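Chemist: Need coordinates for the following:
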Amino acid sequence: MPPAPTRVKSLIPAIHACRKKVVGLDDEESWRGFLERTTGKRSLRAMNGSELGKVLDALHAAGAPRKAGKGARRRKLADGEQAKMIRGLWLELYGLGAVDKADEAAIAAFVKRQAGVDALDWLAPAEANKVIEGLKAMRRRAVERLADPNPRATVRALFAQAKACPAIEIPENDVELFGYRTVCKAGFLFYGQRDFLRLRGVLETLLRNAGEKPDPAWTAAA
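Modeler: From the prediction side, this is the model:
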């Protein structure tokens, strides 16, 4: 059921308040792009109540705090320059489709994998630099994937390369079935650019973890 009219009116100020709490949405173009990725529309005024609700939810997922109940205490987020850069890069990756979630828990999980600590504010400067460089490398790869003129052929080549690697075990014999299990519960006919990007990322990670260099042009004769 869509929000009542009075509720709709209150959503827009709440959205603007939350926008100020999310790193990387201060400039107008980034904000319009965020709205378009979330609802397909670039203006709050053009949205109905349901769409405004989606924007608010997306802002919370990107790090804007929700109202705490009485007596609740919220952990203060790290706000140093390196922490801001990490959040900004992560949000950019989310916009590119390279990561699935934009919330603090997802960032913390990445930091844990990269540096072995549980939160941004526990990072030493050298560890933070390592995380930042890791995110920049992910961004470079994401931008390269977006420029791919034939993402379907690329994921098929990478899948064939992964299947040929003795160190990688994939039960499926078809890349669409593999994608159905790992990325999107649909066939390629219903894939969007973001879905192909995610599937390519999954395959490249498998290959790198196995010590192989991903080759988008791989063939059995290679």
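Chemist: What are the contacting residues of the longest helix along the chain?
Modeler: Across the chain, the helix with the greatest residue count (assigned by DSSP state H) is helix 125-146. Residues from elsewhere that reach helix 125-146, judged by C-beta atoms under 8 Å, 6 or more residues apart in numbering: 82-83, 85-86, 89-90, 92-93, 96-99, 110-111, 114-115, 117, 120, 123, 151, 154, 193, 196-197, 200-201, 204. Placement of C-beta: from N, CA and C, glycine included.
Chemist: Please produce a ChimeraX select command covering the buried subset of the residues you listed.
Modeler: A single ChimeraX command is used to select the members of the contacts of helix 125-146 judged buried by 16 or more other C-beta atoms under 10 Å:
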select :82,83,85,86,89,90,92,93,96,97,98,99,110,111,114,115,117,120,123,151,154,196,197,200,201,204
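Chemist: Show me the contacts of helix 125-146 that map onto helices.
Modeler: Among the contacts of helix 125-146, the ones falling in helices (DSSP H) are 82-83, 85-86, 89-90, 92-93, 96, 110-111, 114-115, 151, 154, 193, 196-197, 200-201, 204.
Chemist: on that earlier part again, so how far is the longest helix of the chain from its chain's centroid?
Modeler: 13 Å (C-alpha atoms, centre = their mean, to the nearest Å).
Chemist: Buried by neighbour count: which residues of it qualify?
Modeler: The neighbour-count check on helix 125-146 (16+ other C-beta under 10 Å) flags 127, 128, 131, 132, 134, 135, 138, 139, 141, 142, 145 as buried.
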